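1. Whatever this is, show me its structure:
(chains A, B, C and D)
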2 protein chains.
Amino acid sequence: MKKDKNPGREKILLAAQKEFAARGFAGARMEAIARSAGCNKAMLFYYFSSKEGLYQTILKEVMGEFFTKIRAILTPDLAPAALMEKFPELYIQLFAGHPEFVRIVAFDLIHDPDNLCGIMAGIISQMTEFGPHPLFERIRSWHEQGLISEPDPLHFMMNIVALSIFSFIGKPMVEAISGTRVASDEEFYRRRVASVVNVLKRGMLK
Amino acid sequence: MKKDKNPGREKILLAAQKEFAARGFAGARMEAIARSAGCNKAMLFYYFSSKEGLYQTILKEVMGEFFTKIRAILTPDLAPAALMEKFPELYIQLFAGHPEFVRIVAFDLIHDPDNLCGIMAGIISQMTEFGPHPLFERIRSWHEQGLISEPDPLHFMMNIVALSIFSFIGKPMVEAISGTRVASDEEFYRRRVASVVNVLKRGMLK
DNA sequence: TGTTATATTAACCATATGGTTAAACCAAAT
DNA sequence: ATTTGGTTTAACCATATGGTTAATATAACA
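-> Alright, predicted model coming up:
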């Protein structure tokens, strides 16, 4: 698509991303987005026709960028250990750079799982390089070859995604429980990746 | 507190729990809660004075029940392996029985981390049986004794909580990615617990 | 029965909010 | 200079929604 063109439109998308991330769909205010984007509220409707339209646009964009990067990892010769290293690394790094992503995705996932899942299914259906469910089939074969301990690809992936994504949702929670605050975010995420990769490899690699 | 007394009040809390879980704070409608509870909207304000009041009441109640059960696990003689087994088991079982809990907690955690964390800190501060930060100190000592591989208690706990809680938030997501649906929820959660416990023990136990 | 404290409701109210519209602005093309 | 097409705005609109109130029902109790 035309990227840097329409700077107004881009600014709106940026502002909307922040607003939706902070307040969720229902809590987001069109006027707040407009103000934050430095334009009139009507512009939002001019470009995106409705709140829902704006929201879905962002969701697709976010998910698109996300899946594009994920796909880059999934090379045909991918080994289990590499997946367990690269996935959390990419995931945590990507989300650390775009904190809004996690929150938007999480908000939507909680509120209306089917919506996001539909979008994801759509994106995935275009990634047909390796057949219908390439990743899951490959994971299954890893187990058949005795490379990994978890027999079910669903749980295998859930373990990887859970450890990666929770770094963001759960950070404040665990901080509150422990009564501590992490000193620097960078340091925290570096150690987070190390811990996750370590647990995954020791935990699921045979 | 007076438990079964005030059946009207209880019905409102029940209905509100569902509504907040489904739509989050901003998306929840007072009238929808009233209708669902079979009473007039004014009753909500009569008992809870405001939407915020109703919400906070539920949050405290949910978190209270939650932490009470968590605390029951944390016996003074708790061993690392037992924690890794009992925590996911309890967590997943508790949340499977009360799907609203996860969603409410997650919604709130995403939208306003400080709020929930404040409540949690308050509850925790009453659990002073073992000193100020009993759990985290004990985890640290486990590592010093060479029992576990993860040196940082924060990451140790995050790994446990992440794997447990994500079972609910992420289930639909991973289902969508895989293109499959779990047959029975009970079977799914049983296998989920097994997988989580396995990864944790293999991954972090020395 | 009359009194009282608690529950419960219908009817309102003020405001916030998503969405619309008609007019104006502006840059490029003619 | 005029047209033209996209862009931008101020002023509105209809409705939804959190919250209030005053009146009424209900049950306990004296």
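
2. Regarding residue A:78, what is its secondary structure?
-> coil (DSSP: H, G, I helix; E, B strand; the rest coil).

3. That one - how many residues pack around it?
-> For residue A:78, the neighbour count with other C-beta atoms under 10 Å in any protein chain shown is 16. Where C-beta positions appear, they are placed from N, C-alpha and C, glycine not excepted.

4. With the one 10 residues further on instead?
-> Using other C-beta under 10 Å, the number of residues around residue A:88 comes to 24.

5. Quick check: which ranges of chain A have low pLDDT?
-> For chain A, applying pLDDT under 70 flags the ranges A:1-5, A:124-133.

6. Tell me the residues of it that contact DNA strand C?
-> A:28-31, A:41-42, A:45, A:49-52 (C-beta under 7 Å from any atom of the strand).

7. So chain A: which segments form each domain?
-> According to automatic domain parsing, chain A comprises the domains A:1-49, A:59-204.

8. Of the ones you listed, flag the one that's most buried.
-> domain A:59-204 (a mean of 18; mean count of other C-beta atoms under 10 Å in any protein chain shown).

9. measure it end to end?
-> End-to-end distance of domain A:59-204 (C-alpha to C-alpha, to the nearest Å): 32 Å.

10. Kindly report the same for stretch A:166-173.
-> So stretch A:166-173: terminal residues 10 Å apart, C-alpha to C-alpha.

11. and if you look at stretch A:41-56?
-> 18 Å.

12. That stretch and DNA strand D, are they touching?
-> Yes - on the criterion C-beta under 7 Å from any atom of the strand, stretch A:41-56 is in touch with DNA strand D at A:41-43, A:46.

13. do stretch A:108-124 and chain B meet?
-> Yes - counting by C-beta under 8 Å from any C-beta of the partner chain, contacts between stretch A:108-124 and chain B involve A:109-111, A:113-114, A:116-118, A:120-121, A:124.

14. Next, format those residues as JSON lines and append distance to residue B:175.
-> Below are those laid out as JSON lines (distance: C-beta to C-beta, whole Å):
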{"residue": "A:109", "distance to residue B:175": "12"}
{"residue": "A:110", "distance to residue B:175": "15"}
{"residue": "A:111", "distance to residue B:175": "17"}
{"residue": "A:113", "distance to residue B:175": "9"}
{"residue": "A:114", "distance to residue B:175": "10"}
{"residue": "A:116", "distance to residue B:175": "11"}
{"residue": "A:117", "distance to residue B:175": "7"}
{"residue": "A:118", "distance to residue B:175": "12"}
{"residue": "A:120", "distance to residue B:175": "10"}
{"residue": "A:121", "distance to residue B:175": "10"}
{"residue": "A:124", "distance to residue B:175": "12"}
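
15. No further queries at this time; thank you.
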